[in-house]
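Peer 1: could you work out the structure for the sequence below:
(2 chains)
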Amino acid sequence: MRYSIFILVSLFLCLQNVYGHRIDVFCYTEDNVIKCYSKFSTGTPVRYGKYQVYIRKKLIYEGKSDDQGNFVYKIPKELLNNPKDLKIVCIAEMGHENYWIVKKEEYATNIQKEPSSDNDFFDEEEDLSKENKTTQTTHQASIDIIRLEKSIRKIIASELSPIKLELVKLQEPKIDLRDILGGIGYIFGIMGIIMYFKSQKS
Amino acid sequence: MHISEGVLSPPLLIAGAAITVVGTWIGLRKTRPKEVPLMAVLTSAFFVASLIHVPIGPSSVHLVLNGLIGLLLGFGAFPSILIALLLQALFFQFGGILVLGVNCTNMALPAIFVYILFKKYCESEKRIHRLVSGFLSGSLSIFLSTLLVAICLYLTGENFTAAAKTIVYAHLPVMIIEGLITAACIDFIYRVKPEMLKIDEIGAKNEI
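Peer 2: Residues are numbered from 1 along each chain as shown, chains lettered A, B, ... in the order given. Here you go, the predicted model:
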């Protein structure tokens, strides 16, 4: 008897890391890439989970997450020119999968303001410094407002990135004691109904 | 062990639902009113045990307790597991409503199988028989459930050998843990409340 209890308690203590069964997938857009994060419901990242990107039911990209559960999808130019809703499916083997819908508006807003140049922020700084060297008088006029906007947007996006991730994580339904007790209550209620009908028959 | 919504093909979902309906109907018919409280307790245990997870590889596995449910309820395992899975799908989004029939079949059929196979050994007066049959019931029910899940995935297009290997390997620790838990529970129940094993004559009193 004592041994049985000891074995049971030991087994449960051995299972130090307890994880949820459902997979949660979160995606957000940042500078023409879609960043995804997937995990089991109580926190373990889905390591090397398979990711599939669909437009309607057509598979357009397949990849794997890293060991932290992160996956990055670079939106191709064709899609940037002709944005569509994307369904991003995460598959973690053994029939576990979930998906996240990325609306076209989420990345379409950035494209309209996209400058023709592909230079990044640091190139722009170099360009600006070159312009400073060539002429001081034309400095104010040479500032490309669109490029400046792009640079500011890039900085803000990188600053907001962790906040965005936290916000999408907040949307995740969590298992709490109230749900568990509620479930047990329902079970006893249903069994009560079964017992009622059984006793009526007998 | 819960297959998610949207993974399986419609014919498989219909077949699973049909087996579950028939199994539940038989289970409810065979259950006597005095067994219903036991069914409630075991359903609650199943409902909560599935929340205890062990991370393995890219996925995670959890306790199922279908072997124990099978030994104690017999055909009553079907309604018991169905109710627990329905509530898990509604409360925790484990599995899903459409895939409920398949998930229930995958877990309840092995439970009934071990009931038919090991029930009489669990009622044995010899402790070693109870422990061994309890362990085998717990392990075998998980093994058979994993095989059924692999077959379902195979019928949906996955390579059977790859799917079966992944699932069986991932559940090896659970098979051992469940075997130990089932053996301990059966032995404990035999000593403390043998009528739960449907033993009318209490011959175990001397062992306490």
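Peer 1: C-alpha from now on. contacts and neighbour counts both.
Peer 2: Fine.
Peer 1: what strand or helix carries B:Val41?
Peer 2: Element membership for B:Val41 (DSSP states H and E) is helix B:36-49.
Peer 1: so what secondary structure elements neighbour that helix?
Peer 2: Identification of packing neighbours for helix B:36-49 by 3 or more CA pairs under 8 Å, 6 or more residues apart in numbering or on different chains; DSSP states H and E yields helix A:177-201, helix B:66-73, helix B:77-92.
Peer 1: for that helix, buried residues please.
Peer 2: B:36, B:38-48 (16 or more other CA atoms under 10 Å in any protein chain shown).
Peer 1: farthest-apart pair in those, please.
Peer 2: Within the buried residues of helix B:36-49, B:Val36 and B:Val48 form the most distant pair, 18.4 Å apart (CA to CA).
Peer 1: that older thread, adding pLDDT, write the buried residues of helix B:36-49 out as CSV.
Peer 2: Shown next, in CSV, are those (pLDDT from 0 to 100):
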residue, pLDDT
B:Val36, 91
B:Leu38, 90
B:Met39, 92
B:Ala40, 93
B:Val41, 91
B:Leu42, 92
B:Thr43, 93
B:Ser44, 93
B:Ala45, 91
B:Phe46, 91
B:Phe47, 90
B:Val48, 88
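Peer 1: returning to that earlier point: now the helix holding B:Val41 against helix B:66-73, angle please.
Peer 2: 180 degrees (axes from the mean of the first three to the mean of the last three CA atoms, to 10 degrees).
Peer 1: which other residues reach helix B:36-49?
Peer 2: A:180, A:183-184, A:187-188, A:191, A:194-195, B:62-66, B:69, B:73, B:76, B:80-81, B:83-85, B:87-88, B:196 (CA atoms under 8 Å, 6 or more residues apart in numbering or on different chains).
Peer 1: and these, which are buried?
Peer 2: Listed as buried from the contacts of helix B:36-49 are A:180, A:183-184, A:187-188, A:191, A:194-195, B:62-66, B:69, B:73, B:76, B:80-81, B:83-85, B:87-88; burial here means 16+ other CA under 10 Å.
Peer 1: residue nearest the centroid of chain B?
Peer 2: Geometric centre of chain B, nearest residue: B:Asn66, 1.5 Å, by CA atoms, centre = their mean.
Peer 1: alpha carbons of the helix holding B:Val41, as PDB, please.
Peer 2: Taking C-alpha atoms only, helix B:36-49 is exported to PDB below (Å, rounded to 0.1, in the frame of the first residue of the first chain):
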ATOM      1  CA  VAL B  36     -22.400   4.900 -12.800                       C
ATOM      2  CA  PRO B  37     -20.600   6.700  -9.900                       C
ATOM      3  CA  LEU B  38     -17.500   4.600 -10.600                       C
ATOM      4  CA  MET B  39     -17.800   5.700 -14.300                       C
ATOM      5  CA  ALA B  40     -18.000   9.300 -13.200                       C
ATOM      6  CA  VAL B  41     -14.900   9.000 -11.100                       C
ATOM      7  CA  LEU B  42     -12.900   7.300 -13.900                       C
ATOM      8  CA  THR B  43     -14.200   9.800 -16.500                       C
ATOM      9  CA  SER B  44     -13.000  12.600 -14.300                       C
ATOM     10  CA  ALA B  45      -9.600  10.900 -13.900                       C
ATOM     11  CA  PHE B  46      -9.300  10.500 -17.700                       C
ATOM     12  CA  PHE B  47     -10.300  14.100 -18.100                       C
ATOM     13  CA  VAL B  48      -7.600  15.400 -15.800                       C
ATOM     14  CA  ALA B  49      -4.900  12.800 -16.600                       C
END
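Peer 1: show me what contacts the residue nearest to the centre of chain B?
Peer 2: Contacts of B:Asn66 (CA under 8 Å, 6+ apart): B:46, B:77, B:81, B:107-108, B:110-111, B:138, B:141-142.
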